[in-house]
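>>> Dropping the sequence and predicted coords here.
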Amino acid sequence: MSSPMLDPAKLQLVQELEIEMMSDMYNRLVTACHRKCIPVKYQETELCKGESVCLDRCVAKYLDVHERIGKKLSNMSQGESEDLTKVNLDNKK
């Protein structure tokens, strides 16, 4: 069974929403990791090793959690969709 094609307007809306969500995630990541890893008073123009390591770990954790949440929401959504299909099939009997 092939999936229905989205018309160009809906496809553009989906693309714009995805860009908006990715931009929001990026901005939140930058804010959270900057606040956690970089002191308010800058000591040097370059990041020190400790700040760099902290940022690397922070970004990795943030992206990991973001991916896990996305998978969990996707599984929940898929489960709800399957439940609705089952209910519709049961109602037709």
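Received, thanks.
>>> What residues sit buried inside stretch 34-46?
Using 16 or more other Cβ atoms under 10 Å as the test for burial, stretch 34-46 gives residue 37. Every C-beta, even on glycine, is put in place using the N, C-alpha and C of the backbone.
>>> show me the contacts for the residue sitting nearest the centre point of the chain.
In the chain, the residue lying closest to the centroid (Cα atoms, centre = their mean) is residue 66, at 4.8 Å. For residue 66, the contacting residues are residue 25, by Cβ atoms under 8 Å, 6 or more residues apart in numbering.
>>> Check whether it sits in a helix, strand or coil.
What DSSP: H, G, I helix; E, B strand; the rest coil gives for residue 66 is helix.
>>> One more: residue 45?
coil.
>>> so what's it scoring on pLDDT?
Looking at residue 45, its pLDDT reads 90.
>>> Can you get me the centre-to-centre distance for whichever helix or strand residue 19 is part of and its chain?
In this assignment (DSSP states H and E), residue 19 forms part of helix 8-37. The chain centroid and the centroid of helix 8-37 are separated by 8 Å, computed with Cα atoms, centre = their mean, to the nearest Å.
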